[in-house]
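> Dropping a prediction and its sequence here:
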Amino acid sequence: MDDLRDKYINLIADAADEVAIEDLRVQAVGKKGEIALKMRELGKMTPEERQIMGPKLNALKDEINSALSAKKTALADAALDERLKTEWLDVTLPGRGRRQGSIHPISQVTEEVTAIFADMGFAVAEGPQIETDWYNFDALNIPGHHPARAEMDTFYTHRAEGDDRPPHVLRTHTSPVQIRSMEKNGAPIRIICPGRVYRADYDQTHTPMFHQIEGLALGKDISMANLKWVLEEFFTAFFGTEVKTRFRSSHFPFVEPGAEVDIQCKWENGSVKVGEGDDWLEVLGSGMVHPHVLKSGGIDPDEYQGFAFGIGIDRLAMLKYGIPDLRAFFDSDLRWLRHYGFASLDQPTLHGGLVR
Ligand code: DAH
C-alpha cells in the first residue's frame, strides 16, 4: 500500500495538465482503478485483517483524492497566472476620444422660434414640400397670369407627355400650409409652419433650398395691431434684447393690407448688430389675410379675419449667430458645423433666455 501511495502521489505531482489529472483519477480511484481492485481483495481476508486493511485503504483513497483536487486547483491557478501575464490592460492609458455631433444652426433656430411662438399659443403645422400649383399659387390669390408666379423662380416637376394637368411644384414658400391648415382645422386658428422651401436662385445670400416659418392667426377680431405686438414680442425674445420694428407698406397677393417688416440694427466693421443703432434690415413679409385666401381655405371672410407672416429662418440664424455666408449652411462641411453648431447640452433655450 505504501508503494501504491508513493506511486500516485509522485504521478500527481508531475501531472502537466487537467487531462493528465483526470487519467490519474480513473487509474487510481475510479470504479475499476487500483484502489477498487484492492478493496475487492478485502473479501478474501480474515475479519481481523479486514479491520486493519479496510480503514487504511479508505484513508489512502481520501489522500489520493485530496492530492488530485489540490493539484487541479494549482494547475488552474497557474493557467490563470499565465493568461494574466499576456492579457493585461493598462488602465492608465488615456481614453479614445469620440467626436460629438452638433446641432445645425437651422435646427437650433427652428427650435427657438417654435418655442417662442408656442409660448404665445401657436401650434406647429406642417405641409408637403412637393405641392400642387393650386396650394402654392391659386389658393393664395396668385392666378396663372400673376407676375408673382414668374418672380418666384419655381422648380416644376415633370409630367408625362400628353398629360396636361398643371405640374406639381417644389413649394416656393410655406404659405400653402396656411390653406391646408384652414381646410383641416377651420377658424379660429393660431399656427406656425416651419419648413423647407425651394427657388432657383444661388448667390451669397440665396440657396435653391432654404427655410421659412409661416405664421397664421385667425379670429373674430384679430387686427394688424395684434400682428405688430406678436412680432415685436417674438424679436425681443429671439434676440434677447428689445428690438424696434418698422412696418413698411408692401404688396403680397395673399394679404391686404400687406407689410414688410424691418428690424432695428447697426453695422459695425462689416458685421451687423440687431437691436441697436438706426439702420433697418428687412426680415419678413406679413399682412391681413386676403378674403380670397380665407375663401380658398373654406373660411367665411365676413365672419373671420386675421394676420399672416413669413420669416426666413436662415436669415435669422445668420443675424443671431453672426454667420456670414448662407451657402456654407448646406455644404455639410464638418469644420463649419463644429464651429457654428450647438452641443446638445449647450443650446440656447427659452427658459435660459435664448442666449448663447
Ligand atoms: N410667402 C412670402 C414669401 O415667400 C412671405 C410672406 C409674405 C408670407 C407675406 C406671408 C405674408 O404670410 O403675409 O416671400
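Perfect, I can see it now. Quantities reported herein were computed from a predicted structural model and do not represent experimental measurements.
> where does the stretch 251-356 of the chain come near the ligand, residue by residue?
Taking Cβ under 6 Å from any ligand atom as the measure of proximity, the stretch 251-356 of the chain contacts the ligand at 252, 254, 255, 285, 286, 287, 308, 309, 310. Quick note: C-beta positions are derived from backbone N, CA and C, even for glycine.
> ok, of the residues you listed, which one's closest to residue 246?
Distance to residue 246 across those (Cβ to Cβ) is lowest for residue 286, with 12.3 Å.
> Tell me how many other residues surround the spatially closest residue to the closest one that is not a sequence neighbour.
Nearest-residue entry for residue 286: residue 309, 3.6 Å, with adjacent residues in sequence omitted and distances by Cβ to Cβ, 6 or more residues apart in numbering. Using other Cβ atoms under 10 Å, the number of residues around residue 309 comes to 24.
> Next up, the contacts around the residue lying closest to residue 146 once chain neighbours are set aside.
Nearest residue to residue 146, sequence neighbours excluded (Cβ to Cβ, 6+ apart): residue 253, at 6.3 Å. Taking Cβ atoms under 8 Å, 6 or more residues apart in numbering, we find residue 253 in contact with 140, 141, 142, 146, 148, 290.
> and residue 253, backbone torsions?
Here the main-chain torsion angles of residue 253 (degrees, to the nearest 10) amount to phi -60, psi -30.
> coming back round to it: tabulate the contacts of residue 253 (a markdown table), appending pLDDT and distance to residue 318.
Formatted as a markdown table, the entries for the contacts of residue 253 read as follows, by pLDDT from 0 to 100; distance: Cβ to Cβ, whole Å:
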| residue | pLDDT | distance to residue 318 |
| --- | --- | --- |
| 140 | 97 | 27 |
| 141 | 96 | 30 |
| 142 | 94 | 28 |
| 146 | 82 | 30 |
| 148 | 76 | 25 |
| 290 | 98 | 30 |
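> ok, of those, which come out buried?
Those of these that meet the buried threshold are 140, 141, 142, 148, 290, by 16 or more other Cβ atoms under 10 Å.
> Distance check, the closest residue to residue 155 other than its chain neighbours against residue 47.
Here the nearest residue to residue 155 in space, its sequence neighbours aside, is residue 170; by Cβ to Cβ, 6+ apart that works out to 4.2 Å. Here residue 170 is placed at a distance of 109 Å from residue 47 (Cβ to Cβ, to the nearest Å).
> Looking at those two, which one has more neighbours?
Taking other Cβ under 10 Å, residue 170 and residue 47 do not tie; residue 170 has more neighbours (20 against 6).
> Show the pLDDT at the spatially most central residue of the chain.
Here the mean C-alpha position of the chain is nearest to the C-alpha of residue 103 (Cα atoms, centre = their mean), at a distance of 8.3 Å. The predicted local distance difference test score for residue 103 is 93.
> All set now, cheers.
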